[in-house]
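Colleague: Predicted model and sequence follow; I will ask about them next.
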Amino acid sequence: MAEIPLYFVDLQDDLDDFGFEDYGPDCDSMRITAFLDIPGQDNLTPLARLEKYAFSDNIFNRQIIARGLLDVFRNFSNNEEDFLTVMEIVVRLSEDAEPTVRTELMEQIPPIAIFLQESRPNFPLAFSEYLMPIVVRYLTDPNNQVRKSSQEVLLILLEQDLIFQNDIENKVCPILLDLSAPDSDDEYKAEAVNIICKMASMLSRSTVEHLLLPRFCELCGDGKLFQVRKVCATNFGDVCNAVGQEATEKFLIPKFFELCSDSVWGMRKACAECFMAVSYTTSSEVRRTKLSPLFINLISDPCRWVRQAAFQSLGPFISTFANPSSAGLYIREDGTLSIRPPAQDVTPSSTSSCVNITSSCSGNPEHMKPDPLTEGTSVETSNFLHVENSHVSGMEKRMTCPASDEEGLIRSCPSDSSYAVKDANDSQVNNCQGVKKACSGSSEDLFNNFLYWRTPLPDISQDLEMLQTKTEQQEEGCCIPDTVCKNCVASSEIKKVLESLQEHMMNDPDVQAQVQVLSAALRAAQLDSMSDSETKNAEESHEEVSSSEPSSTTENENTISSVSSQNELLVTRVVQSTDSEKHLNGTSEHLQKEQRSDPTPFEDDKSKLQDIIPQPLLDQYLSMTDPARAQTVDTDIAKHCAYSLPGVALTLGRQNWHCLKDTYETLASDVQWKVRRTLAFSIHELAVILGDQLTAADLVPIFNGFLKDLDEVRIGVLKHLYDFLKLLHADKRREYLYQLQEFVVTDNSRNWRFRYELAEQLILILELYNPSDVYDYLMHIALKLCADKVSEVRWISFKLVVAILQKFYSNNASALGLNFINELIIRFRHCSKWVGRQAFAFICQAVVREECIPVDQFVEHLLPSLLSLASDPVPNVRVLLAKALRQTLLEKAYFRNAGNPHLEVVEETVLALQSDRDQDVSFFATLEPKRNIMDTAALEKQN
């Protein structure tokens, strides 16, 4: 440390020798170039003195000039001729041989550019003609530090929009294209591509697409330098966002495929990290058909680091498949998740029409009832109508009809089905046609998952005609009842479709799902045929059910007819989405074995099926909870799964919550507390997504488990306790009143922030309960927090007490309020510890400030006890009393009224405090508060 004074003395000597006498460490507020204004022995003008020091042989002088250029411009901006002279000096100074001088000069460019922009009317082209060429030239400077400084300055200027568009196209972009040329130096090329990627988001789309995009595509395939490809892969998402969807799909997606298959694992890892940004700028078709298989390849990459990055990006990538119209949710401007009102999604007429078509086409009339998955929420009303059907083959089959599925249901009507028999009931056909006309007006504008993600259906009209002809011939040549004939036709055609799908089942997960559904339908159809052949009255029962009339036969006949109708609808929807030209050959041996197997595994697989995202992506996401993944991929993979689960749930929608339910329960019971902590922090958002019915059924048990977990997990629940409780029904919410007091007890008593957060949440929670519940449960928690050892917890608890009093008196529960006041007097005014008596003074001050109780109640019940603190032996108590009386109480209009009978007592107390033996007490009792100009008469009328 001894060298510092010596170094400082030498530095000061240099300043004195070259005219810097007034610039030193004690002159922080003085301008760096103040020496220009001080006349020296050289008798030079300030401008001549500037030129002298700017080109001095002493490097330090030139550094000082470069560092103070902004002050120089301000000094000479009044005279245009002097200003241009300074500009020429700056240009000459930029050619200095010393790199430190050039670096100092470059660092002053952004503030100078801002100054010139403010003075643009006087010097409109000064920056473009003089300073911009310096920035561009320094991009090729031989010194690395100067180049780095110029790159940072260029990005700052672009971000603040200080460069003209003409300069960008004619000065900046050409030099970057030259530096990134194939024959350019490797170091310059790597720096240039980094600038191109970063500035892409700051330029207009047309500029990036016409000037920078072709070179970026070339650099993505640079085989000489892998660092260049690495920079391209890292910033690929930003470039895609800059050029838009069309250019991304046309030019960038092929390059992205090349980078994802690069031989260097770092490139593939960078691609996995930016996959969500790339997917965000592509169309739904490209996202599903191209990017999804590509992402599956990254997940199965031989390099562990690539797999780790891919699994971390899996949840965000799945979230890009989200569709607001199908999820029924949207993000507000403040960032909170909310439920879309039903009026924005579908009109009542179209909704009712779709429900009718579900009932009529199924052949099983039932009373319509709302689906528990989507029945009412406590945030906003969300009405999606569903129809619940009977159990088939031990599995619960649900037929839902949101507005987005109108077209899919219309196509599945028996009137359009390829497997409808000739003697189908006319009423079913008429019903379906009528609903089709009713829904046709709005179906084109609504989203349909079933049709959206599938390739266009082939024209099979000729096949339908042949099939109907074959069906008629079979009906004419046999004497079997119509229902048996129909089931035979359905079974035979299902087998044909299964045979055609067998060839492609192993490669396409969608085909696998169709095979499973058709297998179940075939088993149900065979069971239906056997029942019809054994029962003589089956034909009559089937006709009654298919015509939507209540059946009076046995319960078994009703179930069989319902199964038959359900199978027809399932077969129709699957067969219509199958390309008959591509599936002509195959065998059904494997499927026949599968039909004889236990249907329980099929039920488990079916619970994970959905049509929002590609099934392989969901399967990979669900596998993130597998313990083997933690060994082969990442020990924190379960945490990443938990972190992105709300986004995945939002994408799938509450109707597909069954796909994630088991995974969520597995994560909630994970042995790592940080996994459970992640879920605890997001459970309130998941409750908004699922709605109150699913929240009560599936989330409340997990929420209860988090309440008894470690403090690190409980804090996540506590921070959003109000947000979660307000989503529950009143009766369910009331069950947590007793459990709230468990938050007062923590694993570590020093964790005072936990109790502080509890007090903040209780202030919000008060509105969720009635005054009697607040008095019975929450009041005792508040009193306990007011006696906490940590002062911060006590101060926030005093606000909670005030909020409770306001709750009582605003809800006409004055009796409860009076009881609470008496409890406060007993606990705090007569407390043996001075901290409790001080707390009473603060509570009274807050009550008066917030006006939470009527004035007459305060004067009668609290004021006498408050004034009695004037004789307290502890000065800290009297200090707070003086503050409460002088700064709050006497400022209220009620106490400033000369005719107030209580004013005299208060003033006598204040006078006694002003003459107190303690200086602090007398100071605050005498201090004049900052009075606000208020209408005293108006306040008196209110009181």
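Modeller: Structure's in. What do you need?

Colleague: who touches stretch 658-669?
Modeller: Residues outside stretch 658-669 that contact it (Cβ atoms under 8 Å, 6 or more residues apart in numbering): 607-610, 618, 621-622, 624-625, 638, 641-642, 645, 648-649, 652, 675-676, 679, 686, 698, 702, 705-706. Bear in mind the C-beta positions are built from the backbone N, C-alpha and C, glycine included.

Colleague: ranges for the strands of this protein?
Modeller: 329-331, 337-339, 386-392, 395-400 (DSSP state E).

Colleague: picking that back up, just the buried residues out of the contacts of stretch 658-669, in PyMOL syntax.
Modeller: In PyMOL syntax, the buried subset of the contacts of stretch 658-669 is picked out as below (16 or more other Cβ atoms under 10 Å):
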select buried, resi 608+609+610+618+621+622+624+625+638+641+642+645+648+649+652+675+676+679+686+698+702+705+706
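
Colleague: Please list the members of the contacts of stretch 658-669 that lie in helices.
Modeller: Under the assignment DSSP state H, the contacts of stretch 658-669 contribute 618, 621-622, 638, 641-642, 645, 648-649, 652, 675-676, 679, 686, 702, 705-706 to helices.

Colleague: Tell me, how many residues neighbour residue 99?
Modeller: Residues lying near residue 99 (other Cβ atoms under 10 Å) number 15.

Colleague: my read: it touches residue 149, true?
Modeller: No - between residue 99 and residue 149 there is no contact under Cβ atoms under 8 Å: 9.6 Å.

Colleague: Could I get the contacting residues of residue 321?
Modeller: Shown in contact with residue 321 (Cβ under 8 Å, 6+ apart): 284, 287, 288, 612, 613, 651.

Colleague: out of those residues, who's nearest residue 192?
Modeller: In terms of Cβ to Cβ, no member of the contacts of residue 321 lies closer to residue 192 than residue 287, at 31.3 Å.

Colleague: separation between that closest one and residue 323?
Modeller: From residue 287 across to residue 323, the span is 12 Å (Cβ to Cβ, to the nearest Å).

Colleague: and these two? which has more neighbours close in?
Modeller: residue 287 (21 against 15).

Colleague: so what's that one scoring on pLDDT?
Modeller: Looking at residue 287, its pLDDT is 94.

Colleague: Next: residue 743.
Modeller: At residue 743, the model reports a pLDDT of 88.

Colleague: That one contacts residue 759, doesn't it?
Modeller: No - with contact defined as Cβ under 8 Å, residue 743 does not count as touching residue 759 (9.9 Å).

Colleague: thinking again about what came up before, can you say which of the contacts of residue 321 are buried?
Modeller: 287, 288, 612, 613, 651.

Colleague: Filter those down to the ones in helices?
Modeller: Applying DSSP H to these, the entries found in helices are residue 651.

Colleague: could you dump the buried ones among the contacts of residue 321 to JSON lines with distance to residue 125?
Modeller: As requested, the buried ones among the contacts of residue 321 are exported to JSON lines (distance: Cβ to Cβ, whole Å):
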{"residue": "287", "distance to residue 125": "47"}
{"residue": "288", "distance to residue 125": "51"}
{"residue": "612", "distance to residue 125": "56"}
{"residue": "613", "distance to residue 125": "54"}
{"residue": "651", "distance to residue 125": "52"}
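
Colleague: Between the buried ones among the contacts of residue 321, which sits nearest residue 788?
Modeller: residue 651 (43.5 Å).

Colleague: How about the closest one, nearest residue that isn't a chain neighbour?
Modeller: In this structure, residue 651 finds its nearest non-sequential neighbour in residue 322, 4.1 Å apart by Cβ to Cβ, 6 or more residues apart in numbering.

Colleague: And for residue 85?
Modeller: residue 47 (6.2 Å).

Colleague: do residue 676 as well
Modeller: residue 713 (4.8 Å).

Colleague: What's the separation between the one you found and residue 54?
Modeller: Residue 713 is 64 Å from residue 54, by Cβ to Cβ.

Colleague: now residue 233
Modeller: Per Cβ to Cβ, residue 233 is found 45 Å from residue 54.

Colleague: ok, the two, which is more surrounded?
Modeller: Between residue 233 and residue 54, counted using other Cβ under 10 Å, the more crowded position is residue 233 (28 against 21).

Colleague: my guess is that one meets residue 270, correct?
Modeller: Yes - using Cβ under 8 Å, residue 233 is in contact with residue 270, at 3.8 Å.

Colleague: which neighbours do the two share?
Modeller: With Cβ under 8 Å, 6+ apart as the test, residue 233 and residue 270 both reach residue 259.

Colleague: And residue 64, how far from residue 105?
Modeller: Residue 64 sits 12 Å away from residue 105, taking Cβ to Cβ as the criterion.

Colleague: When those two are compared, which one has more neighbours?
Modeller: Set residue 64 next to residue 105 and count neighbours by other Cβ under 10 Å: residue 105 wins out with 25 against 22.
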